[in-house]
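Enquirer: just to be clear, the model below is a prediction. Sequence and coordinates:
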There are 2 protein chains.
Amino acid sequence: MARPTIADIANRAGVSKGAVSFALNGRPGVSDATRERILRIAEQMSWRPHSAARALGASRVDSVGMVIARPARTLGVEPFFAHLLSGVQSGLSAESISLQLLIVEDTAAEIEVYRRWASEHRVDGVILVDLTVKDPRVDELTALELPAVVIGGRGGKGALPSVWADDREAMLSIVEYLAALGHRRIAHIAGTPNFQHTQRRIRALRDAAPRLGLLDAPSLTTDFSDAEGAAITRKLLSQSQRPTAIVYDSDVMAVAGLGVAMEMGVAVPGDLSIVAFDDSILTQLMHPALTALSRDTFDFGRQAAEVLLETIADPGHVINRRTPDPVLTVRESTAPPA
Amino acid sequence: MARPTIADIANRAGVSKGAVSFALNGRPGVSDATRERILRIAEQMSWRPHSAARALGASRVDSVGMVIARPARTLGVEPFFAHLLSGVQSGLSAESISLQLLIVEDTAAEIEVYRRWASEHRVDGVILVDLTVKDPRVDELTALELPAVVIGGRGGKGALPSVWADDREAMLSIVEYLAALGHRRIAHIAGTPNFQHTQRRIRALRDAAPRLGLLDAPSLTTDFSDAEGAAITRKLLSQSQRPTAIVYDSDVMAVAGLGVAMEMGVAVPGDLSIVAFDDSILTQLMHPALTALSRDTFDFGRQAAEVLLETIADPGHVINRRTPDPVLTVRESTAPPA
DNA sequence: TGGATTTGATAAACCGGTATAGCTCCTGCA
DNA sequence: TGCAGGAGCTATACCGGTTTATCAAATCCA
């Protein structure tokens, strides 16, 4: 027999389809003895549920979705997503829930995908990344009644469930370290200005500057690309009053920035200290290796998956889970200013 | 009305469910006028097919799968997969077929996934990467009767459909260029030895060596990690007779190799030329920027998707599609030997 | 002891589509 | 004029599960 159905099992066990369904799903309605027998037969016939049939009957598809709206060009080098993805999957695999991944160009396309997924019942819920200020996706998903969890954006009132790390605390740990080394001119090359985490980091730096006695602490926003990271670094290093330290919002930009410093003959860390606000092998491949803020991205993803599953099970209960604070891994790219 | 079903449409149009199904799927059985009317009503009610219901009835799920069996640690920096993925999706989206992505640790786990997918009817077909010599997945998929297409491995007799580029030609274009520059000691830091494409590259170099008058042309295999790439580079550069050029099978290893050269005070390209057998922003972020072999990975993925869809439609017809030869992009890391 | 409740099971409806057998009416051709 | 054949549609079975109404037998409690 090719693929046994529960009808086949019912036949073999001499019971009804219903009894088999109860037994296989561990719900009351059959005696322990019968359940045992049915399970054994199912095992013997190596039965597996037909996902579509189950989805149709139970109106849940055991599948969640994740859409990443960034141009593919910049996506690849960002180890962040690969780790996040692996983590998400590890969180899902326990319940053998599958993941649909989609890479699209922009948020409009992303919303289109959610609409389609919702109307075609393709996913039970979704994971959101790169939350922006007044993010249109939040309202859309609420309207679609599609369970969702936000990664990185801690939600306010009426917001979606989330998993987040304290960006403020993280930024502080960087600049306090730099200030302790003696740096007074620190620049911040940030990400896309309307990302919430970008704004939180910028604000954290601005708030801390007076207390740490920083003379100048500009935050310059970019599109997260290596090109803009390099361009802005070039501009900063061409000023008469150079910063003595630069904090980059991503490892890719930090690497690009290091390249610019080398090209301009600015010694790192002698004349310039560099810190990346995200860690990966990339930072360790460099010479000098970059000081970077490490977070457990894998675990981040795993927790997001967990929270999403809980949200699907109980949509009423909005969870906001905080993850451990990232820690600063000091390598060779930071030193006291000359 | 929340989510209209074809029954709702049938009701509103005053026809039967069957007629609606015919109309919506563009198959004969209804007059043009009726079809038109039904389509308009469906549009009006913003009907979308329920994926599970359709899957159950038509025994096809409009979803394909892709499993990547590499440790997540090394995966992220490899821009190759992100580009490939985007390409695959663009090839699928035309037919609005969704993609299931899974990252697992090893081939055993990967095969387990295929078994599950097949028995649960979760995908209509799969895309295979990193084909090895005597790859167990080929037999497994054949046994499961799961349509599949292999990326990068051109199949022999009884093999799976494939999409491939000419690795031999590619390797030749690199070493012929290096030989023309005057290099006679060329080393090749290859990938995992049992990958088919690794073997083809090694063989191409070995075969070409005498013709090009190379004194020494060793191929050294690795696990594709930056660590091993660096370690072997260190070993090569510590020999009394150093190679004057090194070809790396991936951009990540090439970057790691460049780091080692810098750390050992070996000038690039003055004392050592470096070529990466794969291109991405990574190579351009470096100083010097790396000469690399560029292939259109996005298009590669798109074609794989196309071939898979054709294979699903007609499993009897085994397609082996060759993609354009990759071209060498010369940057700053190659020069005549000192 | 007898009625009420619980337990273990069955039969059948249902989820939202697709596929098919069959029916009616119209057309074409001998 | 009669009949074959096709166009256009309906009714219904079916895909493989889940869920609910129902029911008989066993158990409980007064």
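Expert: Happy to help now that I have it.
Enquirer: any idea which element residue A:176 lies in?
Expert: Element membership for residue A:176, per DSSP states H and E: helix A:167-181.
Enquirer: in that helix, which residues are buried?
Expert: A:167, A:168, A:170, A:171, A:172, A:173, A:174, A:175, A:177, A:178, A:179, A:181 (16 or more other Cβ atoms under 10 Å in any protein chain shown). Just so you know, the C-beta spots here come from the backbone N, C-alpha and C atoms, and that holds for glycine as well.
Enquirer: let me see the ranges of the strands in chain A.
Expert: Ranges of strands in chain A, per DSSP state E, are A:63-69, A:98-104, A:125-128, A:148-151, A:162-164, A:186-189, A:219-220, A:245-248, A:273-276, A:291-294, A:320-322, A:327-329.
Enquirer: counting contacts, what elements does the helix holding residue A:176 pack onto?
Expert: Judged by 3 or more Cβ pairs under 8 Å, 6 or more residues apart in numbering or on different chains; DSSP states H and E, helix A:167-181 is in contact with strand A:186-189, helix A:196-212, strand A:245-248, strand A:273-276, strand A:291-294, strand A:327-329.
Enquirer: between the buried residues of helix A:167-181, which is nearest residue A:330?
Expert: residue A:177 (7.5 Å; Cβ to Cβ).
Enquirer: could you check how far the residue in chain A that DNA strand D sits nearest to is from DNA strand C?
Expert: Across chain A, no residue is closer to DNA strand D than residue A:57, which sits at 2.8 Å (Cβ to the nearest atom of the strand). Distance of residue A:57 to DNA strand C, computed by Cβ to the nearest atom of the strand, to the nearest Å: 4 Å.
Enquirer: cool, residue A:277 as well?
Expert: With the distance defined as Cβ to the nearest atom of the strand, residue A:277 ends up 46 Å from DNA strand C.
Enquirer: number of nearby residues for that residue?
Expert: Using other Cβ atoms under 10 Å in any protein chain shown, residue A:277 has 26 other residues around it.
Enquirer: ok, it touching residue A:252?
Expert: No: between residue A:277 and residue A:252 there is no contact under Cβ atoms under 8 Å: 11.0 Å.
Enquirer: local confidence estimate at the spatially closest residue to residue A:168 that is not a sequence neighbour?
Expert: Among residues not flanking residue A:168 along the chain, residue A:204 sits closest, at 4.2 Å (Cβ to Cβ, 6 or more residues apart in numbering or on different chains). Turning to residue A:204, the model gives it a pLDDT of 96.
Enquirer: who's in contact with residue A:204?
Expert: A:167, A:168, A:171, A:172 (Cβ atoms under 8 Å, 6 or more residues apart in numbering or on different chains).
Enquirer: tell me how many other residues crowd the nearest residue to residue A:234 once chain neighbours are set aside.
Expert: Leaving aside its sequence neighbours, residue A:234 sits nearest to residue A:260 (Cβ to Cβ, 6+ apart; 5.2 Å). Neighbour count of residue A:260, defined by other Cβ under 10 Å: 21.
Enquirer: if I look at the residue of chain A closest to DNA strand D, how far off is chain B?
Expert: Taking Cβ to the nearest Cβ, to the nearest Å as the criterion, residue A:57 is separated from chain B by 9 Å.
Enquirer: okay, now that residue: neighbour count?
Expert: Applying other Cβ under 10 Å, we find 13 other residues in the vicinity of residue A:57.
Enquirer: next one, pLDDT for it please.
Expert: Reported pLDDT for residue A:57: 86.
Enquirer: ok, residue A:27 next?
Expert: 87.
Enquirer: contacts only, for it.
Expert: Contacts of residue A:27 (Cβ under 8 Å, 6+ apart): none.
Enquirer: do the same with residue A:213
Expert: A:179, A:184.
Enquirer: gap between it and residue A:226?
Expert: Per Cβ to Cβ, to the nearest Å, residue A:213 is found 32 Å from residue A:226.
Enquirer: ramachandran angles for the nearest residue to residue A:296 once chain neighbours are set aside?
Expert: Take residue A:296 and drop its neighbours on the chain: the residue closest to it by Cβ to Cβ, 6+ apart is residue A:324, 7.1 Å away. Backbone torsions for residue A:324, taken as degrees, to the nearest 10, come to phi -60, psi 150.
Enquirer: what of residue A:165?
Expert: Taking degrees, to the nearest 10, you get phi -120, psi 160 for the backbone angles of residue A:165.
Enquirer: per-residue pLDDT, it?
Expert: Looking at residue A:165, its pLDDT stands at 91.
Enquirer: and the residue nearest to it when sequence neighbours are not counted, how many neighbours does it have?
Expert: The shortest distance from residue A:165 to any non-neighbouring residue, by Cβ to Cβ, 6+ apart, is to residue A:323 (4.8 Å). Other residues near residue A:323 come to 19 when the count uses other Cβ under 10 Å.
Enquirer: wait, residue A:323 touches residue A:167, no?
Expert: No: Residue A:323 lies out of contact with residue A:167 (Cβ under 8 Å); the separation is 11.4 Å.
Enquirer: about what we covered before: for the residue nearest to residue A:234, give its distance to residue B:256.
Expert: 21 Å.
Enquirer: and residue A:281, by the same measure?
Expert: For residue A:281 relative to residue B:256 (Cβ to Cβ), the value is 9 Å.
Enquirer: who has more neighbours out of those two?
Expert: Counted by other Cβ under 10 Å, residue A:281 and residue B:256 do not tie: residue B:256 has more neighbours, with 26 against 18.
Enquirer: separation between that one and chain A?
Expert: Using Cβ to the nearest Cβ, we find residue B:256 at a distance of 5 Å from chain A.
Enquirer: ok, which residues in chain A are in contact with DNA strand C?
Expert: Residues of chain A lying close to DNA strand C by Cβ under 7 Å from any atom of the strand are A:14-19, A:22, A:28-35, A:56-57, A:59.
Enquirer: skipping its backbone neighbours, what lies nearest residue A:248 in space?
Expert: residue A:254 (3.8 Å).
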